[in-house]
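1. Sequence isn't available, so here's the structure alone:
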């Protein structure tokens, strides 16, 4: 699989590239946000590791631009630690977030986990999850609303797939973080709220009064069937 790494710290990029290549990945690199967008278009990577603070164009803007034409998984790198900064990344369509300085083993684990979840599964081509106006093509990882294709990020698809596979089962925010992010993310619990809100905006007829992606107040979220 091909991974795009974009950061203006040359030594950091070199270290990430070395470690990922040792794991068998094809790695391409860039040094600013404009290059990130251009390489995402021309190289069609399977995953992008993108720094937030970069010249020419910052990583958040680059992430939003990439989301205009691709749903490739994106991991953001940043030296900022505030929850709000991380939530802004998810608002722009990022799938994961890691704070500098980080352990390279943690980064590689997140890369593997995200690629594993987004890789095409060996399902029958006809396998679909459908209810009401929402349908998921599990092999192509496409979502549809009233038969019209809806662009979801990799993590958004993971969330709605889990909920639709287990209708009427309530998941707490902690449950969803443990299952879908697969590491301790408790300080960023609002991450789940951001993804739920975006799913409602994309899949519900009236996001303010959701019919399917429902809140169980004080408990969590579930898919109402």
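-> Yep, it's here. Being a predicted model, the structure only gives us computed values, none of them experimental.
2. In contact with residue 53, which residues?
-> Taking Cβ atoms under 8 Å, 6 or more residues apart in numbering as the contact definition, residue 53 lies against 8, 59, 78-79. C-beta here means a position set from N, CA and C on the backbone, and glycine is covered the same way.
3. can you give me the helices for this structure?
-> Secondary structure of the chain by DSSP state H: the helices cover 10-22, 33-43, 59-67, 83-91, 104-118, 154-165, 173-176, 190-203.
4. is it possible to export those to JSON lines including distance to residue 211 and mean neighbour count?
-> Shown next, in JSON lines, are the helices of the chain (distance: least, Cβ to Cβ, whole Å; neighbours: other Cβ atoms under 10 Å):
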{"stretch": "helix 10-22", "distance to residue 211": "42", "mean neighbour count": "15"}
{"stretch": "helix 33-43", "distance to residue 211": "34", "mean neighbour count": "19"}
{"stretch": "helix 59-67", "distance to residue 211": "26", "mean neighbour count": "22"}
{"stretch": "helix 83-91", "distance to residue 211": "24", "mean neighbour count": "18"}
{"stretch": "helix 104-118", "distance to residue 211": "26", "mean neighbour count": "16"}
{"stretch": "helix 154-165", "distance to residue 211": "13", "mean neighbour count": "20"}
{"stretch": "helix 173-176", "distance to residue 211": "20", "mean neighbour count": "18"}
{"stretch": "helix 190-203", "distance to residue 211": "10", "mean neighbour count": "19"}
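5. Can you flag the weakest of those helices by average pLDDT?
-> Note on the helices of the chain: lowest mean pLDDT is at helix 83-91, with a mean of 76.
6. re the thing from before, give the PyMOL command for selecting the buried subset of the contacts of residue 53.
-> Entered in PyMOL, the line below selects the buried ones among the contacts of residue 53, by 16 or more other Cβ atoms under 10 Å:
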select buried, resi 8+59+78
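7. What separation is there between the residue nearest to residue 167 when sequence neighbours are not counted and residue 163?
-> Distances taken as Cβ to Cβ, 6 or more residues apart in numbering place residue 225 nearest to residue 167, at 3.6 Å, with adjacent residues excluded. From residue 225 across to residue 163, the span is 10 Å (Cβ to Cβ, to the nearest Å).
8. Next: residue 178.
-> Distance from residue 178 to residue 163, by Cβ to Cβ: 15 Å.
9. Could you chop this protein up by domain?
-> If you go by automatic domain parsing, the domain ranges for the chain are 2-118, 128-223.
10. which of the contacts of residue 53 lies closest to residue 144?
-> residue 59 (30.3 Å; Cβ to Cβ).
11. dump the residue contacts of the residue nearest in space to the middle of the chain.
-> For the chain, the residue nearest the mean C-alpha position is residue 95 (2.1 Å; Cα atoms, centre = their mean). By Cβ under 8 Å, 6+ apart, residue 95 lies in contact with 73-75, 114, 153-155.
12. Right, I'll call it a day here.
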